[in-house]
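Visitor: quick one, what's the 3D model for this:
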Amino acid sequence: MFSFKSVASILLLVLIAGCSTKVARVDTASTIDLTGRWNDTDSRLVAEEMINDALNQRWLYSWEAKNQRPTVIVGNISNRSHEHINTQTFTRNIERALLNSGRVDFVATRDDREQIREERLDQGEHASVYTQKQMGEEYGADLMMMGTINSITDQEGRRAVIYYQVNMELVEIESNRKVWIGEKQIKKYVERATTKF
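Guide: Sure, this is the predicted structure:
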């Protein structure tokens, strides 16, 4: 016969096992949407579609007709949505899609350039004359890509429709002329056990 202590121990073990965290590795390209909020899949898909659209418009054909590859930099992408969105992750997705297209040259962002300039200053003081990189030889960007992420939430009780609209534009740095404007929408229907969105 079981003693009270042994039954209590077994129940405690069952309780602990039932409360343990379970983790499973999944493919990074898989779509997992737990909350309905902006997630990694949204970021990746919007970046890829935006860049695909931007690189298949007439502004790029004009550059290619002159046998030139435009040099692009990604500027600010502002989050104007109702939730926290890591715009740095989205910016990196944009940069990756642009660079991997092979159709444009790409220069470092403002933050990245500051680190590189510090390294050049350090090289000027400590590296051999034969290997140090010179100041004032940076490649200037021809175009800047920037944009916004906006959202609208329509909620009734525990049901909601979350609408995201991402607007991007490509602007010639010298003339301020807009050469491309892109837009991508995402709409999600969410039904939750609680009413907080």
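Visitor: helix, strand or coil for residue 140?
Guide: At residue 140 the chain is in coil, as set by DSSP: H, G, I helix; E, B strand; the rest coil.
Visitor: can you name the element that comes right after the helix or strand bottoming out on mean pLDDT in the chain?
Guide: Ranked by mean pLDDT, DSSP states H and E, the weakest helix or strand in the chain is helix 4-18, scoring a mean of 64. Going down the chain from helix 4-18, the next helix or strand is helix 40-54, by DSSP states H and E.
Visitor: pretty sure residue 148 contacts residue 78?
Guide: Yes: using C-beta atoms under 8 Å, residue 148 makes contact with residue 78 at a distance of 4.8 Å. C-betas here are computed from N, CA, C, even on glycine.
Visitor: quick check: residue 50 vs residue 144, distance?
Guide: 14 Å (C-beta to C-beta, to the nearest Å).
Visitor: repeat for residue 129
Guide: 35 Å.
Visitor: neighbour count for those two, which is higher?
Guide: Neighbours were counted for residue 129 and for residue 144 using other C-beta atoms under 10 Å; residue 144 has more, 16 against 6.
Visitor: what is the burial count for the residue nearest to the more buried one when sequence neighbours are not counted?
Guide: Leaving aside its sequence neighbours, residue 144 sits nearest to residue 75 (C-beta to C-beta, 6 or more residues apart in numbering; 4.6 Å). Neighbour count for residue 75, taken as other C-beta under 10 Å: 17.
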